[in-house]
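> I would like the atomic coordinates for the input below:
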Amino acid sequence: MNIAVVNSFMNDTHREKIRAAAAAHQMNVAFYTSIDEALPHMADVDIIYAAATNGGHKLAQAAPHLKWFCSVSAGVDPILRAGVLPEGCLVSNSSGAYGVTIAEHLVMVTLMLLRRYPEYDAFIRSHTWRNDLQLRSILGSRVTIVGTGDIGTRYAERIQSFQPAAIIGINRTGRKRSPVYDEVVKQDELESYLPKTDILVLCLPGTKQTTNMISRERLAMLPESAYLINVGRGNSIDQTALVEALNAGRLAGAALDVMAKEPIPEDDPLWTAKNVILTPHCSGKMTLAYTRDKTVAMFCEDLEHFVKQEPLVHAVKRDLGY
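Modelled structure (predicted):
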């Protein structure tokens, strides 16, 4: 069997680990640093280990004998939407490799919002010396986390030490997978929790069910003092309504690492919205060594299960999209 690894982050240790795992089962492995480099070599590939985002569907489309697409990214919605996977092709992702880095990003922007960083930054940039803004704290705040997987839960674990009043988890099933949450409820109960939320954090995958989950109507249910943070997918928020709410003072602030359209168009009013922290989809990526090492280990782990025809530990349920 033939494995194509299409990733630019690989170092010698990563490549050797994958080579050893492949050789143990008499598999051939080839490494490519870009999709364009890999595309001419897909005809006989059985396994692809690459990002499902940023053109990953082109690789699958060029591999008629593909049996397993292992995504180095956590999100797989682009490749599922493309409809190019051969019938019976397994799909897995690297959910679990990004929790550490994205949770740290979430802690950072949570504190920046509560300590009024956007406003103080504007003062400094205009050479204005002012330090009288009233600050807020995670201490005593009511935090609602929509999406209680690896990312949301690692964030909850980290902010628990700041002593929030409550950490509420919202997910599809209402199942409480970690004691860090004071309460976990189903997504259809979200509206009853929005009016009593101080910090709303979205850690959602991109699915039909999560599209526009935070609609104009639901944004209006949040208190004017609430903050909104999104590290999931940009399409989960009505971005036009969010900008209007920020500029009108109907929301205290927002931190977005994902947007409805990326890159943000030059004329998009999101650029100049009040009290918003924008980062260019960088909370995850492959920029942390832990993430790179973890996703390689996850691939090698599931390679063993694949060979033994056992269920993949990190398999994606196509009907759910994650």
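
> Please count neighbours and contacts with C-alpha atoms only from this point.
Will do.

> tally of neighbours for Met42?
Close neighbours of Met42, defined as other Cα atoms under 10 Å, add up to 22.

> how about it, what does it touch?
Neighbouring residues of Met42 by Cα atoms under 8 Å, 6 or more residues apart in numbering: Ala4, Leu59, Ala62, Ala63.

> taking the residues you listed as a set, which two sit the farthest apart in space?
Ala4 and Ala62 (12.0 Å; Cα to Cα).

> Which ones among the contacts of Met42 lie within helices?
Under the assignment DSSP state H, the contacts of Met42 contribute Leu59 to helices.

> of the contacts of Met42, buried ones?
Ala4, Leu59, Ala62, Ala63 (16 or more other Cα atoms under 10 Å).

> now the last one: how far from Ala122?
Pointing back at Ala63 there. Separation of Ala63 from Ala122 (Cα to Cα, to the nearest Å): 51 Å.

> now do Ile35
Distance of Ile35 to Ala122, given as Cα to Cα: 41 Å.

> So between the two, which is more surrounded?
Ile35 (20 against 12).

> pLDDT and distance to Arg292 for the contacts of Met42 - can I get that in CSV?
Below are the contacts of Met42 laid out as CSV (pLDDT from 0 to 100; distance: Cα to Cα, whole Å):
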residue, pLDDT, distance to Arg292
Ala4, 98, 17
Leu59, 97, 21
Ala62, 97, 26
Ala63, 97, 25
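
> As JSON lines, the contacts of Met42 with distance to Ser236 would be great.
Formatted as JSON lines, the entries for these read as follows, by distance: Cα to Cα, whole Å:
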{"residue": "Ala4", "distance to Ser236": "33"}
{"residue": "Leu59", "distance to Ser236": "27"}
{"residue": "Ala62", "distance to Ser236": "31"}
{"residue": "Ala63", "distance to Ser236": "32"}
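
> of the contacts of Met42, closest to Lys308?
Out of the contacts of Met42, the member with the shortest distance to Lys308 (by Cα to Cα) is Ala4, at 19.5 Å.

> my guess is the closest one meets Val29, correct?
Yes. Using Cα atoms under 8 Å, Ala4 is in contact with Val29, at 5.9 Å.

> picking up where we left off before, which ones among the contacts of Met42 map onto strands?
Ala4 (DSSP state E).

> closest to Gln309 among the contacts of Met42?
Out of those, the member with the shortest distance to Gln309 (by Cα to Cα) is Ala4, at 19.4 Å.

> Using CSV, write down the CA coordinates of the helix or strand where Glu104 lies.
Element membership of Glu104, judged by DSSP states H and E, is helix 99-114. The C-alpha trace of helix 99-114 is given here as CSV (Å, rounded to 0.1, in the frame of the first residue of the first chain):
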residue,chain,number,x,y,z
GLY,A,99,-6.4,22.0,22.3
VAL,A,100,-3.3,23.2,24.0
THR,A,101,-2.5,26.0,21.6
ILE,A,102,-6.0,27.2,21.0
ALA,A,103,-6.9,27.1,24.7
GLU,A,104,-3.9,29.3,25.4
HIS,A,105,-5.0,31.7,22.7
LEU,A,106,-8.5,31.8,24.3
VAL,A,107,-7.1,32.6,27.7
MET,A,108,-5.1,35.4,26.1
VAL,A,109,-7.9,37.1,24.3
THR,A,110,-10.3,36.6,27.3
LEU,A,111,-8.0,38.6,29.5
MET,A,112,-7.3,41.1,26.8
LEU,A,113,-11.1,41.8,26.4
LEU,A,114,-11.7,41.9,30.2
